[in-house]
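> turn this into a structure:
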Amino acid sequence: MKKTLIMAGAALALAASMAAAEGINLSWTDCGLAGASVTSFTCNSNSGVPFSMVASFTSPAPMPEFLGLSAQIDFSTNSPALPEWWKHGTGMCRGSAAMSVNFDFTANVNCVDVFVGQAVGGYLYEAGFSVPNRARLLVQCAIPLGTQGPIDDVSEYYGFRANITRTKSTGTGSCPGCPDPVCVVLNEIQLFQPDQFNFNPKVTTAISRNFVTWQTATVPGCPLSTPTRNSSWGQVKSLYR
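A predicted model of the protein is given here:
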């Protein structure tokens with residue numbers, strides 16, 4: 001009887017630990033603990049391999065027909081205004097080509113690649129979001145209708161990669177602020193299925209960490225995030241048009 005109770009207790013503990021796996025991660029270079037929490041750059045070159053932030057997730061419950069996701073990331077500094085080096089977009093110092101987002105993890109093996117190279121998506125970067133020293137990155141992606149498949153509630157899946165090039169870091173025409181510390185927080189990843197399942201969970205808790213830092217391991221007040229913006233499957237479906 002005592003042995004049975006011990007085994008039952010162990011099973012309950014295992015189930016609890018598996019349930020607690022729900023969450024999101026953000027790391028430099030690769031997913032979760034396979035990546036790094038901080039990266040630095042001497043800002044002495046305008047070329048080289050882009051810096052890459054990888055977002056990953058574990059679903060709170062199995063999803064039989066996973067179709068896509070949306071996500072929100074905040075960038076913040078302790079400066080009165082966002083450094084010019086972090087201003088991406090048309091008419092901004094870094095222009096519209098220094099940041100990109102992709103969903104291809106066919107060459108990565110540390111988390112599960114549910115997209116297998118089929119996802120398409122887009123992003124919106126808002127410099128000065130909410131307050132002058134912050135920016136927000138919104139990401140959406142989906143796989144082609146008819147190719148959806150199941151995900152479980154145990155595996156950690158690749159979500160997306162945000163790439164930042166080294167352009168305009170030094171010399172004539174450079175953008176000030178590359179050496180400034182920055183805190184980057186993954187606020188949430190929302191997962192989507194077809195409407196009939198009525199289950200599109202918004203995942204906000206960290207598995208290991210939901211933030212990374214730029215230039216230094218410690219940024220005062222980091223992680224700091226702001227309220228998330230509601231998304232819908234309708235918004236993600238617009239990627240098909």
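> number of residues surrounding Gly121?
Gly121: 20 surrounding residues under other CB atoms under 10 Å. Quick note: C-beta positions are derived from backbone N, CA and C, even for glycine.
> which ones are touching it?
Applying CB atoms under 8 Å, 6 or more residues apart in numbering to Gly121 gives the contacts Gly68, Val101, Phe103, Val139, Gln140, Cys141, Ala142, Phe160, Leu239.
> need the pLDDT of the last one.
Spelled out, that is Leu239. pLDDT recorded at Leu239 is 49.
> ditto for the second one
With respect to pLDDT, Val101 scores 98.
> what's across from it in the sheet?
Legend: beta-bridge partners of Val101 under DSSP bridges are Ala162.
> that one touches Tyr125, doesn't it?
No - proximity of Val101 to Tyr125 does not meet the contact threshold set by CB atoms under 8 Å, at 9.2 Å.
> what do these two both touch?
By CB under 8 Å, 6+ apart, the residues touching both Val101 and Tyr125 are Leu137.
> for this structure, which strand is longest?
Criterion DSSP state E: the longest strand present in the chain is strand 182-192.
> what separates it from the chain centre, distance-wise?
Taking CA atoms, centre = their mean, to the nearest Å, one finds strand 182-192 lying 5 Å from the centre of the chain it belongs to.
> same question for stretch 174-186.
That offset, for stretch 174-186, works out to 17 Å (CA atoms, centre = their mean).
> circling back to that earlier point, run through who's touching whatever helix or strand comes next after the longest strand of the chain.
Counting by DSSP states H and E, the next helix or strand C-terminal to strand 182-192 is strand 202-203. Applying CB under 8 Å, 6+ apart, the contact partners of strand 202-203 are Glu22, Gly23, Ile24, Phe57, Thr58, Ser59, Pro60, Glu188, Ile189, Gln190, Leu191, Thr228.
> got it, and stretch 211-225?
Contacts for stretch 211-225 (CB under 8 Å, 6+ apart): 26-28, 36-41, 53, 74, 76-78, 179-187, 210.
> give me that answer again for 7 Å
Residues from elsewhere that reach stretch 211-225 (CB atoms under 7 Å, 6 or more residues apart in numbering): 26-28, 37-40, 53, 74, 76, 78, 179-187, 210.
> next, the buried residues of it.
Phe211, Val212, Thr213, Trp214, Gln215, Val219, Cys222, Pro223, Ser225 (16 or more other CB atoms under 10 Å).
> now do Gly221, the pLDDT please.
Note on Gly221: pLDDT of 87.
> sorry, that was for Ala10
40.
> now Asp152
Value listed for Asp152 in the pLDDT field: 97.
> thinking again about what came up before, tell me which of the contacts of Gly121 fall in strands.
Going by DSSP E, the strands hold Gly68, Val101, Val139, Gln140, Cys141, Ala142, Phe160 from the contacts of Gly121.
> nearest to Ser45, of the residues you listed?
Val101 (22.9 Å; CB to CB).
> how many neighbours does that closest one have?
21.
> please tell me how far it sits from Pro62.
The gap separating Val101 from Pro62 is 27 Å, by CB to CB, to the nearest Å.
> nothing else from me, thank you.
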